[in-house]
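Trainee: can you look at this prediction? I've put the sequence above it.
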Amino acid sequence: DWLTPDAIRDYFTEVYWRLGDRLDAEEILAAFRLNGAEADFAYRSVAERFRMIKSGMVTVIVAREAKARKALEQLGLDGARAGRIARKLQPFLVQVPPRARAKLLAAGHAVFAQETRFGDQFCVLLSEGLYREDTGLLWEDAEYLGLEDSII
């Protein structure tokens, strides 16, 4: 019976034996080490090396709620831990194609928060009019002004 615990254990023992070090070819496990009393995981470098689903998408943070804005404020604090803050921001992330995010940035609809410290890790939507609860982020309109931007 293929569903017994013994059969499942034997199967994975065989898989691990055959694949060996190839199972962690990107050395993901090495990035998850405990450092003293606190875990300091290299989430960003792991994310760059490994993708469960190779989508080619990038994230934009839609910080409409106070919880998201508070997490973004924490990026400016001394000792800010990018991984911890990124986890807090996860519910506020929207996936877009890289070209769409580039258009949002070029049109001034988005910026990188704390870019000198964290690079392109935290792209934040500034033009909230491009996001709607019912349809999500209207990144296709990134090159155009939002309605609130066209009123003088």
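Mentor: Thanks, I have the structure now.

Trainee: and the residue positioned nearest the centre of the chain, how far from I85?
Mentor: Geometric centre of the chain, nearest residue: T59, 5.8 Å, by Cα atoms, centre = their mean. Here the distance between T59 and I85 works out to 13 Å (Cβ to Cβ, to the nearest Å). To be clear about C-beta, it is placed using only N, CA and C from the backbone, and glycine gets the same treatment.

Trainee: list the beta-bridge partners for the nearest residue to R101 once chain neighbours are set aside.
Mentor: Leaving aside its chain neighbours, R101 sits nearest to V58 (5.0 Å; criterion: Cβ to Cβ, 6 or more residues apart in numbering). Assessed by DSSP bridges, V58 has beta-bridge partners V96.

Trainee: which ones are touching V58?
Mentor: By Cβ atoms under 8 Å, 6 or more residues apart in numbering, V58 lies in contact with Q95, V96, P97, P98, R101, C123.

Trainee: give me the phi and psi for the fourth one.
Mentor: Same thing as P98. In terms of degrees, to the nearest 10, the main-chain angles of P98 are phi -50, psi -40.

Trainee: please name the nearest non-neighbouring residue to it.
Mentor: Counting by Cβ to Cβ, 6+ apart, P98 lies nearest to V58, which is 5.1 Å off, once chain neighbours are set aside.
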